[in-house]
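Peer 1: Got a predicted structure plus its sequence, pasted below:
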Amino acid sequence: MIQRVGILSLLGLLLVACREVTTEPSSPPPSFEIVDAVHNDGNAHFFWLPPMVPNPGPTTTGKFAHSRSPTVEICLLEGGACKEGEPLVAQFSMNSGLGSETIRMGGDHYIVNWRTDLSGLSTSERYRISVFEQVWPEAAHAPLGYADVEPVATGAGFKDVYTEEFIPLLDGRTLPIKFRIEINDPEIVFASNRNPEGWVDLYLMNSDGSGVTRLTGDPEVDLSPQWSPDGTKIVWARDRAIFVLDLITGDMKPLTPDDVVFANPSWSPDGTMVVFEQHRRDCLTDCDDPSNGLPDIGWALVFEAGAGMFTDTPDHMDQDPEWSPDGTKIVFERKCEPYTVTAPCEPGVDDDDQLWVMGSDGETPPNGQPATLLISMPGDRVWAGNPSFSPDGKLIAFSAGFQEDDDDNNQWNIYVANVDGSGVTEVLSSVGYDDTDPSWSPDGLEILFTRRPSGVGFDFQVMIMKADGSNVRSLISSAGVDALARWRR
């Protein structure tokens, strides 16, 4: 008969203690454990917190990972693992859970209250509490950490495995499950189709390429992700519209309609606005065809209704804007030829894609100021785009392409210039490869970029190098698309 209980005891390291025995057991006993960064060589970024471990709890020095979507699963234990074929005793996520309880953030940690009286626990059984990352697809995956617990028939708390002290349950029935997930390095968001469906979705990873986690799961194409200045939101382009995801609440919403194409968003430094590329009409099939509507630079408010245009140039193609860290300027790519029929963008310079700059007074709504030419690359048929400001705002990294031969093979290289457009320096030239979409690390010492063999299909990979172009190496790649990576600021 199942007994209802009000106390749980952690077994964790109970069986690790030395004990004199005179005979060998006939079979190995079940393995009851507690596993995290402190115990049993667990995940270095996962920590159980009191009351799961004794007060005052572990010392943590890393940055709290508030952008995660953890799940908690509680299962019946058999032979050191969850009993096969047995339904979960309880399950919790950020949106649902037993007894309407959900995982929430408690400042610098995650917490969920387990109503043990709703689970029908038995004093003759053992249970495992596991914490997982919420990932797609829902395939078998290892937990971040787990703790094995044993119901106790008497008392008003649960027994700590180290001190053997009893920690009271809330109201005699509720166990607060508290844990902390850290990131010891900046997280990176990128676009990839590394999933069974082949969809181009957004993913997170650590700065060394580890810890890859799927962030979105939608058949529409997700591209051009950008972190908000405070690191709590991501904005990106999905199909025709600009979307924003709040990583703390999980809320996702479009910032723009989908009646025309919106692309390549960039945050304002204060996180209240997003600037983006806006086409006049739907040009999803061929955005280079002027009859489909050339793009201008638009903006939208993040927290309230409002939108407007920064540029309105029917004969120009304005795209790929980037807001400066101090909020005083926006650099973007402008393409004139062959769309200008009356005059070039700027007398005496090539009319292919070049980098332009316009001022912004930082007001809401912003007051876009007239654009001026910033960087014009020398040579025949040269394009410049994908601007990215260094964290201190003193430098701009960008990619520039040139035509290698008459077969329209264009090689793209990475350049760095001063913020005033002077001192243009080629930092990376790789024969046979297109290197594009540079993105500075938060400390300004490294640059992420996207690489593919020149003119060859969709074999993209995320690369990383020092800011001077040295120590070039692959960060992550798959047999498909891994691209458009951006560091958390």
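Peer 2: Nice, I can see it. Residues are numbered from 1 along each chain as shown.
Peer 1: Sort out which residues of stretch 241-250 are buried, please.
Peer 2: Residues 241-245, 247 are the ones in stretch 241-250 that count as buried (16 or more other CB atoms under 10 Å). For every residue, glycine as well, the C-beta is placed using N, CA and C.
Peer 1: quick one, phi/psi of residue 99?
Peer 2: Here is the backbone geometry of residue 99 (degrees, to the nearest 10): phi 60, psi 30.
Peer 1: pretty sure residue 416 contacts residue 394?
Peer 2: No: with contact defined as CB atoms under 8 Å, residue 416 does not reach residue 394; the gap is 10.4 Å.
Peer 1: Could you check which of those two has the larger neighbour count?
Peer 2: A direct count of neighbours by other CB atoms under 10 Å for residue 416 and residue 394 places residue 416 higher, at 22 against 12.
Peer 1: and the more buried one, what helix or strand is that in?
Peer 2: Per DSSP states H and E: residue 416 is located in strand 410-418.
Peer 1: Report the rounded mean pLDDT for that strand.
Peer 2: Mean pLDDT, computed over strand 410-418, is 89.
Peer 1: and if you look at stretch 247-258?
Peer 2: Mean predicted lDDT for stretch 247-258 stands at 80.
Peer 1: who touches that stretch?
Peer 2: Stretch 247-258 has contacts (CB atoms under 8 Å, 6 or more residues apart in numbering) with 66-67, 69, 94-95, 105, 232-235, 238-246, 262, 265, 274, 276, 278, 298, 300, 302, 307.
Peer 1: partners of the strand holding residue 416 in the sheet?
Peer 2: Strand 410-418 pairs in its sheet with strand 395-403 (antiparallel), strand 425-428 (antiparallel), by DSSP bridges.
Peer 1: do you know which of the ones you listed lies nearest residue 200?
Peer 2: strand 395-403 (20.2 Å; CB to CB).
Peer 1: Pull out the buried positions in the strand holding residue 416.
Peer 2: The neighbour-count check on strand 410-418 (16+ other CB under 10 Å) flags 410-417 as buried.
Peer 1: so residue 34 makes contact with residue 46?
Peer 2: No: when contacts are counted by CB under 8 Å, residue 34 is not listed as touching residue 46 (11.5 Å).
Peer 1: And the strands in the stretch 201-350 of the chain?
Peer 2: Taking DSSP state E, counting those that start in this stretch as the test, the strands found in the stretch 201-350 of the chain are 201-205, 213-214, 222-227, 233-238, 241-246, 252-254, 262-267, 273-279, 295-301, 307-309, 317-323, 329-335.
Peer 1: tell me the angle the first one makes with strand 222-227.
Peer 2: What it means is strand 201-205. Orientation check (axes from the mean of the first three to the mean of the last three CA atoms, to 10 degrees): strand 201-205 against strand 222-227 gives 40 degrees.
Peer 1: and strand 201-205, what does it pack onto?
Peer 2: strand 188-192, strand 213-214, strand 222-227 (3 or more CB pairs under 8 Å, 6 or more residues apart in numbering; DSSP states H and E).
Peer 1: what about 6 Å?
Peer 2: Packing partners of strand 201-205 (3 or more CB pairs under 6 Å, 6 or more residues apart in numbering; DSSP states H and E): strand 188-192, strand 222-227.
Peer 1: ok, and for the last one, which residues are buried?
Peer 2: This points to strand 222-227. Neighbour count says strand 222-227 has 222-227 buried, by 16+ other CB under 10 Å.
Peer 1: so that strand versus strand 188-192, what angle?
Peer 2: 180 degrees.
Peer 1: and strand 222-227, C-alpha only, in CSV?
Peer 2: Output of strand 222-227 as CSV, limited to C-alpha atoms (Å, rounded to 0.1, in the frame of the first residue of the first chain):
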residue,chain,number,x,y,z
ASP,A,222,15.1,32.2,-39.0
LEU,A,223,18.1,34.4,-39.8
SER,A,224,20.2,37.4,-38.6
PRO,A,225,19.9,37.0,-34.8
GLN,A,226,21.1,39.8,-32.6
TRP,A,227,21.4,40.0,-28.8
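Peer 1: pLDDT (mean, whole number) over that strand?
Peer 2: For strand 222-227, the mean pLDDT works out to 93.
Peer 1: That one vs strand 262-267, what angle?
Peer 2: 10 degrees.
Peer 1: Contacts for strand 222-227, please.
Peer 2: Strand 222-227 is contacted by residues 189, 191, 200-202, 216, 234-238, 264-267, 484, 486, 488-489 when judged by CB atoms under 6 Å, 6 or more residues apart in numbering.
Peer 1: Note down every partner strand of that strand and its orientation.
Peer 2: strand 233-238 (antiparallel).
Peer 1: so where's the stretch 251-400 of the chain uncertain?
Peer 2: 258-260, 279-316, 336-353, 361-370, 379-382 (pLDDT under 70).
Peer 1: Give me the buried positions along stretch 74-86.
Peer 2: 74-77, 82.
Peer 1: can you list the domain ranges for this structure.
Peer 2: Listed by automatic domain parsing, the domain ranges of the chain are 7-183, 188-487.
Peer 1: would a markdown table of the buried residues of stretch 241-250 with distance to residue 434 be doable?
Peer 2: What follows is the buried residues of stretch 241-250, written out as a markdown table (distance: CB to CB, whole Å):
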| residue | distance to residue 434 |
| --- | --- |
| 241 | 27 |
| 242 | 26 |
| 243 | 27 |
| 244 | 29 |
| 245 | 29 |
| 247 | 31 |
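Peer 1: Any stretches of the stretch 101-250 of the chain with poor pLDDT?
Peer 2: Ranges of the stretch 101-250 of the chain meeting pLDDT under 70: 134-141, 152-170, 184-186.
Peer 1: try 80
Peer 2: For the stretch 101-250 of the chain, the stretches flagged by pLDDT under 80 are 123, 133-142, 150-172, 183-186, 240, 248-250.
Peer 1: For the stretch 51-200 of the chain, just list every one of the strands.
Peer 2: 63-64, 70-78, 81-82, 90-92, 104-105, 110-115, 126-133, 145-152, 157-159, 166-168, 174-183, 188-192.
Peer 1: What count of nearby residues applies to residue 325?
Peer 2: Neighbours of residue 325 (other CB under 10 Å): 16.
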